[in-house]
Each structure stands twice: as structure tokens, then as C-alpha cells.
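Visitor: Got a predicted structure plus its sequence, pasted below:
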Amino acid sequence: MKYEIIMPEFAEGAEEINLRQWLVGVGDTVKKGDNIAEAATDKISIYVESPADGKITSFLAEEGDRILVGQIIGEIEG
């Protein structure tokens, strides 16, 4: 089954978030809840967690991109 990695809303009122760094690579195996990316606004940074167990199959956003809340940034095959 394919799962989407979605940029969460983590700062009230923030519509765009900077994807600072991927902490995993395509082909890596992850577990639900693992930290897989770091993201930040001007005031706060967070980790994006894996939505499911599986293997990272693709990134749809690159480090440094400004991402909209709710945008799909990657995919996991579980």
C-alpha cells in the first residue's frame, strides 16, 4: 500500500513551511512515527514523522523548498 507523506500544520497561521532537511533517503526502511524530515517556520522547527511502516519510494519536495501545509512531500510503500 502506498502512503503519502504530508507536510503537517504545526504553527498556527503558518501557510508555508521550509523543508530544511530529509533525515532519510529513498530506499530507506522506516517505522510509523520515525522522524524523516526537519521543517521550520521563522519561529519554530519540527520533525515530520513517518505516517506508516514501509520503504521511502520518492521525495516530491527538495531540501530548501517552501512547502504549503497539507502538501504531499514524499511517498512510502508499506
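Guide: Looks like it came in fine.
Visitor: What segments of this protein are strands?
Guide: In the chain, the segments counted as strands under DSSP state E are 2-6, 16-22, 29-30, 35-40, 45-49, 54-59, 66-68, 72-77.
Visitor: how about the CA coordinates for the last one, as CSV?
Guide: This file holds the C-alpha atoms of strand 72-77, laid out as CSV (Å, rounded to 0.1, in the frame of the first residue of the first chain):
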residue,chain,number,x,y,z
ILE,A,72,2.5,15.9,-0.3
ILE,A,73,6.3,15.8,0.1
GLY,A,74,7.0,12.2,-0.4
GLU,A,75,5.8,8.6,-0.6
ILE,A,76,6.2,5.4,1.4
GLU,A,77,5.4,1.9,0.2
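Visitor: Quick one: list the elements packing against it.
Guide: strand 2-6, strand 35-40, strand 54-59 (3 or more Cβ pairs under 8 Å, 6 or more residues apart in numbering; DSSP states H and E). C-betas here are computed from N, CA, C, even on glycine.
Visitor: Mean pLDDT and mean neighbour count added to the strands of the chain, as TSV?
Guide: Compiled in TSV, the strands of the chain are given as follows (pLDDT from 0 to 100; neighbours: other Cβ atoms under 10 Å):
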stretch	mean pLDDT	mean neighbour count
strand 2-6	97	16
strand 16-22	95	17
strand 29-30	98	16
strand 35-40	96	19
strand 45-49	94	16
strand 54-59	98	16
strand 66-68	95	15
strand 72-77	98	19
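Visitor: now the helices and strands packed on strand 72-77 in TSV, with distance to Ile67?
Guide: Shown next, in TSV, are the helices and strands packed on strand 72-77 (distance: least, Cβ to Cβ, whole Å):
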stretch	distance to Ile67
strand 2-6	10
strand 35-40	7
strand 54-59	12
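Visitor: of all those, which lies closest to Glu12?
Guide: Among those, strand 35-40 comes nearest to Glu12, with 15.0 Å by Cβ to Cβ.
Visitor: Partner strands of the closest one and their direction?
Guide: Paired neighbours of strand 35-40 in the sheet (DSSP bridges): strand 16-22 (antiparallel), strand 45-49 (antiparallel).
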